[in-house]
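> sequence first, predicted model second:
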Amino acid sequence: MSRWLNFEGKNILVVGGTSGINLGIAEAFAEQGAAVAVASRSQDKVDAAVARLDQYGNTTFGFSADVRDVEALQAGLAATAEALGPIDTLVVGQAGNFPAAAMELSPNGFRSVVDIDLLGSFHVVRFGHQYLREGGANIIAISAPQAFIPMAYQAHVCAAKAGVEMLARVLAIELGPENIRVNGIVPGPIAGTEGMGAPHANQRSRGKGPQIGAAATLWHAARGRQLCDVPGIATCRVCQWRHYSCGRRVVGRRYSDRRSRAVGDLRQGRARGAFAHPCAIILSVLPESWMQ
């Protein structure tokens, strides 16, 4: 097992970490030696994820809670801190999504996604803050392209993810003096995950929506945009070489604006919050001596 980042002695909590991208992130940290806890609404999924993480031989833990339920979440966070100790990295990755035209979307449907994604993210950070390791910790917010790209049938998700992104930026400012770094990751569509075709699957079946899900799958498969990309980005965001990265958003290649100033800044060697490719962000801030 290769531990080129080596997170031995570090405690990681991945909320929403029992499936898809977030489970991949949990496994990536476990592979690098970290003690890892996961949380989601389903106890069955929690049990399955913990069993999967156990194979790496590190301390593991899991709890089930709905991020909208403050009391259940607080109890789970306290139990995690008791089982693992202070949390070094808190990954906020829970999400809800379903396709619906804005004029057909019920208030409860809109509210449910905003409550899970945005209010839930606030709850996780607000009540998880007290369990973060003093003197240096990390928060990673897992977002989506809907945070800054409008998409049909995704009004509720666009609103929620835009709020998550701005929340993360504000937290980076407010928590910076405590030496807590807050960064965001926008994976884009990843082959083999539940969210891959969700925004358009229902509309395609009704003959209304474009074949975006299938097209994105093919686009990423041809370019290797697989699940393994995102955990690598997550672990690198909090490794020992990234102590001065805070308030950044890592955007997957599919959704980068090649015409933006970010590309020009990358070519000129300047650090900004969004680059053309996540690997370029990682390499651009590693110490020069490490890359020799």
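All right, it came through fine.
> gap between the closest residue to F127 other than its chain neighbours and A155?
Among residues not flanking F127 along the chain, Q74 sits closest, at 5.1 Å (CB to CB, 6 or more residues apart in numbering). All C-beta spots, glycine's among them, are computed from the backbone N, C-alpha and C. According to CB to CB, to the nearest Å, Q74 stands 31 Å off from A155.
> if we can go back for a sec, ok but the residue nearest to F127 is inside a helix, no?
Yes. Per DSSP: H, G, I helix; E, B strand; the rest coil, Q74 lies within a helix segment.
> can you get me a residue count around it?
Q74 has 16 neighbours, counted by other CB atoms under 10 Å.
> and G9, by the same measure?
10.
> show me the contacts for it.
By CB atoms under 8 Å, 6 or more residues apart in numbering, the contact list for G9 reads G33.
> picking that back up, measure the residue nearest to F127 to N22 for me?
Distance from Q74 to N22, by CB to CB: 21 Å.
> tell me the buried residues in the lengthiest helix in the chain?
If you go by DSSP state H, the chain has its longest helix at helix 155-175. For helix 155-175, burial by neighbour count (16 or more other CB atoms under 10 Å) applies to 155-165, 167-169, 171-172, 175.
> ditto for stretch 121-133
Here stretch 121-133 shows S121, H123, V124, V125, F127, G128, H129, Y131, L132, R133 as buried, counting by 16+ other CB under 10 Å.
> cross those against helices and list the overlap.
S121, H123, V124, V125, F127, G128.
> just give me the closest of the residues you listed to F61.
G128 (13.9 Å; CB to CB).
> residue ranges with poor pLDDT in this structure?
Applying pLDDT under 70 to the chain flags the ranges 1-4, 190-292.
> what helix or strand is the closest residue to Y131 other than its chain neighbours located in?
Leaving aside its sequence neighbours, Y131 sits nearest to A81 (CB to CB, 6+ apart; 4.1 Å). Here A81 sits within helix 70-84, counting by DSSP states H and E.
> could the buried residues of stretch 121-133 be laid out in JSON lines, adding distance to A102?
Listed next are those as JSON lines, based on distance: CB to CB, whole Å:
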{"residue": "S121", "distance to A102": "22"}
{"residue": "H123", "distance to A102": "26"}
{"residue": "V124", "distance to A102": "27"}
{"residue": "V125", "distance to A102": "28"}
{"residue": "F127", "distance to A102": "32"}
{"residue": "G128", "distance to A102": "33"}
{"residue": "H129", "distance to A102": "34"}
{"residue": "Y131", "distance to A102": "38"}
{"residue": "L132", "distance to A102": "37"}
{"residue": "R133", "distance to A102": "42"}
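> which strands or helices does the helix or strand following the longest helix of the chain pack on?
Downstream of helix 155-175, the first helix or strand assigned by DSSP H and E is strand 180-186. Identification of packing neighbours for strand 180-186 by 3 or more CB pairs under 8 Å, 6 or more residues apart in numbering; DSSP states H and E yields strand 137-142, helix 155-175, helix 229-237, strand 249-251.
> wait, A162 sits on F148?
Yes. Using CB atoms under 8 Å, A162 is in contact with F148, at 7.0 Å.
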